[in-house]
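A.B. asks: I'd like to go over a predicted model; first the sequence, then the structure.
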Amino acid sequence: MGGIASKGQLRMSFLRWAVVTVPLVLLLGFASGRAVVAGGDNAWYAALVKPAQTPPDWLFPVAWTTLYILLGLAVAIVLNARGARGRAAAILAFVVSFGLSLGWTPLFFGAHRIDAAFWLIVAMLASGIVATVLFARVRTVAAWLVVPYLVWISFAGVLTWRIGQLNPDGVGVASPPHTSQML
């Protein structure tokens, strides 16, 4: 048997990775988002003064679902690039960036830590840029799939910063909930 895989074999290998990574990223993202009451259903958040650029509540799950699908596909592309130089470093950078991302909703909506949530977004953006650069070294298309995530978290960072400015005593607006949204 030859050592070179056919296009069909490569496509099937990618699909096997995608069948694992896309649902896994979606599941972890969903779990993070459901760990605490978020959005307009969160009494603390509803009581905050928000900047005019704040999107409607319905947009957040749509945006995050789309972004998680793109991230799952991007990591599948990199995982499928067997033997590619820098593959392990790219995957590690992605895991760090994604792990940071999973902490934002509980920190902001659960702990009401606006300043800490802003700095977490800064770390998410920095690690996301590193992951994107490393993805580009493995497969350019994977890096492009991460760009919408970088744009969205940049926007989220601006919103978080503005919420912090508009609510200097934001932690004391309402008491934190002691329940979880987990099913």
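C.D. replies: Structure received. Numbering: from 1, shown residues only.
A.B. asks: can we go C-alpha only for contacts and neighbour counts from here?
C.D. replies: Noted.
A.B. asks: low-confidence ranges, the protein, go.
C.D. replies: 1-11, 171-183 (pLDDT under 70).
A.B. asks: mind redoing it with 80?
C.D. replies: 1-12, 170-183 (pLDDT under 80).
A.B. asks: do a quick rundown of the helices in it.
C.D. replies: Assigned by DSSP state H, the helices in the chain fall at 7-34, 43-47, 59-80, 87-105, 114-138, 140-166.
A.B. asks: look at Pro168 and say how many residues are nearby.
C.D. replies: 12 (other Cα atoms under 10 Å).
A.B. asks: the helices of the chain: which one's closest to Gln53?
C.D. replies: Distance to Gln53, taken as Cα to Cα, is lowest for helix 140-166 among those, at 7.6 Å.
A.B. asks: buried set for the closest one?
C.D. replies: Residues 140, 142-150, 153-154, 157-165 are the ones in helix 140-166 that count as buried (16 or more other Cα atoms under 10 Å).
A.B. asks: tell me if I'm right that Thr54 and Leu159 touch.
C.D. replies: Yes: counting by Cα atoms under 8 Å, Thr54 does reach Leu159; the two are 6.8 Å apart.
A.B. asks: from Ile91, how far out is the nearest residue to Ala90 once chain neighbours are set aside?
C.D. replies: By the measure of Cα to Cα, 6 or more residues apart in numbering, the closest residue to Ala90 outside its immediate chain neighbours is Leu134, 4.9 Å from it. Leu134 sits 8 Å away from Ile91, going by Cα to Cα, to the nearest Å.
A.B. asks: if you count surrounding residues, which of the two has more?
C.D. replies: Remark: of Leu134 and Ile91, Leu134 carries more neighbours, 25 against 18, as counted by other Cα under 10 Å.
A.B. asks: just give the number of residues close to the residue nearest to Ser127 when sequence neighbours are not counted.
C.D. replies: The shortest distance from Ser127 to any non-neighbouring residue, by Cα to Cα, 6+ apart, is to Ser97 (5.1 Å). Counted with other Cα under 10 Å, residues neighbouring Ser97 total 21.
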